[in-house]
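Engineer: coords please:
(2 chains)
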There are 2 protein chains.
Amino acid sequence: MSLKGFESEKAEIASTIIADNSCDGVYSHGLNRFPVIIKLVDEGVINPHTQPVKLNSMGALEQWDGQLGFGPINASIAMNRAVELSGEYGLGCVALKNTTHWLRGGTYGLISANAGCIGICMTNTFPNMPPWGGTESRLGNNPLIISIPQKNGRHVLLDMAQSQFSFGKLQTYSLAGKRLPVMGGYDADGDITDDPNAILNGGEVLPMGFWKGSGLSIAIDMVVSALSVGRSTFDLRIDRQDTGISQVFIAINPVAYAGKDYADTYIANMSEYIKTTSKMAGVSDILYPGERVVKEREVNLRDGIPVNPEIWETVLKI
Amino acid sequence: MSLKGFESEKAEIASTIIADNSCDGVYSHGLNRFPVIIKLVDEGVINPHTQPVKLNSMGALEQWDGQLGFGPINASIAMNRAVELSGEYGLGCVALKNTTHWLRGGTYGLISANAGCIGICMTNTFPNMPPWGGTESRLGNNPLIISIPQKNGRHVLLDMAQSQFSFGKLQTYSLAGKRLPVMGGYDADGDITDDPNAILNGGEVLPMGFWKGSGLSIAIDMVVSALSVGRSTFDLRIDRQDTGISQVFIAINPVAYAGKDYADTYIANMSEYIKTTSKMAGVSDILYPGERVVKEREVNLRDGIPVNPEIWETVLKI
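Structural biologist: Sure, this is the predicted structure:
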């Protein structure tokens, strides 16, 4: 059976990733994205018929070509391969070129953590953010993912784009008629602003930490494109969409010397330590990275996953 | 010959690193730090007599104990070992526990880049920054270093602490009687401020990118302490200094499939691309990470390294 050109095994991997993203409360990269994905398949941006191919390897380092297949399938295969390499070499790194948007980077951090490995993943994107000092989009927001496994499955998961706010967050503030809590971008005149509408209507988002996120974005882009011998954000400037992008997946497995629960004590101590700090007014809890995801997953697994009725109707009609 | 307990070979490695930091324009971690280092040796915080020791290995991953030796010597040995592993396995990772302050993280990124490898280094520190939402120092500023080699030696070098401003930068603004260009911390009452004196006098620095730098700091701390089976920032809360800290050094070498100048095209294109963006008022150039270092090094190698006369007098008297 083929679904929109995906053979059934691939369709199952893809639909599981999409459903898991909704289950984890990352609705923007779950079911809500499904109609867009189908559109990209119909337009030929995502090729459902291809397989990622290993081009080169040197011990624990491999270079793969994603052949413009569906990003989450390519990225899963790449991270699973990195985990496999880490079983043999202690760590493994798969650099993937010619892939498409991976939806939510956290997915691949969790693959690594579920296998007991520390995971580091990076991707570039098309230019969607100005470098610090500039007012035109010339950098990607290039997400960085770091995961640390916990034996009970409540993994630490940093999933961090290099822009201070995602477009989804800007829209949320805009719809609520609220200002951003901190400066978030430039208006159409190039002035820094905390007005989400001014940023959305002809403005630009700010790199997180100003010069810091700007520098980290450049470094990530160079690492992923150099290791995969793939496209950099510079090369992606023409199409202005995340097709033919470059990614890196690293899995590190110290279990041989550190035992199976190697991260648990650190996570427990640091988590307790940050929670017991005195807090800013209005703050009741301080979460470790990924803790919100763990909580949303537990609620959604118990009560069911909330679904936007309009999106659901759209999906049923596809 | 022994200098303050360092045998001559070690003394030479250490003094070269310190001189190179000054030469690269990072004066705070060069000669200016020398009297502090001697004090720490005298106080027994840094042990000049020890050697770092390999405790465990699994292919391309190794765990080392720094035995509280001088941080820059330990870190150089660790990064050189990671480079060596990357020659055999494509990439290598050395996790180092029980070490002391590495001075400037960029030093080890440059070791990797000079060997033609991409370098990733991380360290934790004692608690010196509040988590986002908190007002007490419970996180380290945990620098992250990423380096990408260029054949001409003008390497890309991100050297990024997770605080928006270093203490050195706060002091610079304070001495100049200036406000910070963006919000940089909390005053003694816990209110966010751009007044460097309010932060220095009983306040706290802000994580860069607010919640983003806070999350990245936690993730880095967990990675370095889990892989090295070493101390986390939580464990460093009692001594409140960078002794017995944990670090990770990764070198990645795709030269087998990507050629010797694998990063040059990406660096050239992205560098040109960010420089030609339209700019904020008052901005004349946009630099890639590490470009300022390259320029300062070239000027200092040509004209000599500027030295603070008071520091020089102090050093001569040691």
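Engineer: so what's A:W211 closest to, chain neighbours aside?
Structural biologist: Spatial nearest neighbour of A:W211, excluding adjacent residues (CB to CB, 6 or more residues apart in numbering or on different chains): A:W132 at 4.3 Å. (Each C-beta comes from the backbone N, C-alpha and C, glycine too.)
Engineer: run a quick neighbour tally on the one you found.
Structural biologist: A:W132: 21 surrounding residues under other CB atoms under 10 Å in any protein chain shown.
Engineer: and for the one 3 residues further on?
Structural biologist: By the measure other CB under 10 Å, the count of residues near A:T135 is 20.
Engineer: check the one 10 residues further on too.
Structural biologist: Neighbour count for A:I145, taken as other CB under 10 Å: 26.
Engineer: need the helices for the stretch 101-250 of chain A, in chain order.
Structural biologist: A:106-114, A:167-175, A:196-200, A:211-228 (DSSP state H, counting those that start in this stretch).
Engineer: burial of the residue nearest to A:V283 when sequence neighbours are not counted, as a residue count?
Structural biologist: Nearest non-adjacent residue to A:V283, counting by CB to CB, 6+ apart: B:G133, 4.2 Å away. When neighbours are defined as other CB under 10 Å, B:G133 has 19 of them.
Engineer: A:S8 too?
Structural biologist: 9.
Engineer: over to the one 4 residues further on?
Structural biologist: A:E12 has 12 neighbours, counted by other CB under 10 Å.
Engineer: list the contacts for the residue nearest to A:V283?
Structural biologist: A:279-280, A:283, A:285-286, B:211, B:214 (CB atoms under 8 Å, 6 or more residues apart in numbering or on different chains).
Engineer: okay, these in TSV with pLDDT, secondary structure and neighbour count next?
Structural biologist: Shown next, in TSV, are these (pLDDT from 0 to 100; DSSP: H, G, I helix; E, B strand; the rest coil; neighbours: other CB atoms under 10 Å in any protein chain shown):
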residue	pLDDT	secondary structure	neighbour count
A:K279	92	strand	18
A:M280	89	coil	16
A:V283	94	coil	14
A:D285	95	coil	10
A:I286	96	coil	23
B:W211	97	helix	19
B:S214	98	helix	27
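Engineer: quickly name whichever of those residues is closest to B:R297.
Structural biologist: B:S214 (32.8 Å; CB to CB).
Engineer: how close does that closest one get to chain A?
Structural biologist: Computed as CB to the nearest CB, to the nearest Å, the B:S214 to chain A distance reads 8 Å.
Engineer: just to revisit the earlier point, okay, the residue nearest to A:W211: pLDDT?
Structural biologist: On pLDDT, A:W132 comes in at 95.
Engineer: that one contacts A:S217, correct?
Structural biologist: No: applying CB atoms under 8 Å as the test, A:W132 and A:S217 come out as separate, 9.6 Å apart.
Engineer: anything in contact with each of those two?
Structural biologist: A:P207.
Engineer: can you redo the contacts of B:G133 as CSV with distance to B:K151?
Structural biologist: Shown next, in CSV, are these (distance: CB to CB, whole Å):
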residue, distance to B:K151
A:K279, 50
A:M280, 48
A:V283, 49
A:D285, 50
A:I286, 45
B:W211, 39
B:S214, 38
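Engineer: tell me the contacts of the spatially most central residue of chain A?
Structural biologist: With distances taken as CA atoms, centre = their mean, A:G105 lies nearest the centre of chain A, 2.2 Å away. Contact analysis of A:G105 by CB under 8 Å, 6+ apart lists A:121, A:123, A:143-145, A:159.
Engineer: swap in A:D65?
Structural biologist: Here A:D65 is in contact with A:52-53, A:55, A:96-98 (criterion: CB under 8 Å, 6+ apart).
Engineer: and if we set it to 7 Å?
Structural biologist: Applying CB atoms under 7 Å, 6 or more residues apart in numbering or on different chains to A:D65 gives the contacts A:52-53, A:55, A:97-98.
Engineer: domains in chain A, as residue ranges please.
Structural biologist: Domain assignment for chain A, taken from automatic domain parsing, gives A:50-162+A:209-318, A:164-206.
Engineer: let me know which of those domains is tucked in deepest.
Structural biologist: Highest mean neighbour count among the domains of chain A (mean count of other CB atoms under 10 Å in any protein chain shown): domain A:50-162+A:209-318, with a mean of 22.
Engineer: for chain B, state which of the contacts of A:D65 is nearest.
Structural biologist: Set against chain B, the nearest of the contacts of A:D65 by CB to the nearest CB is A:L55 (7.2 Å).
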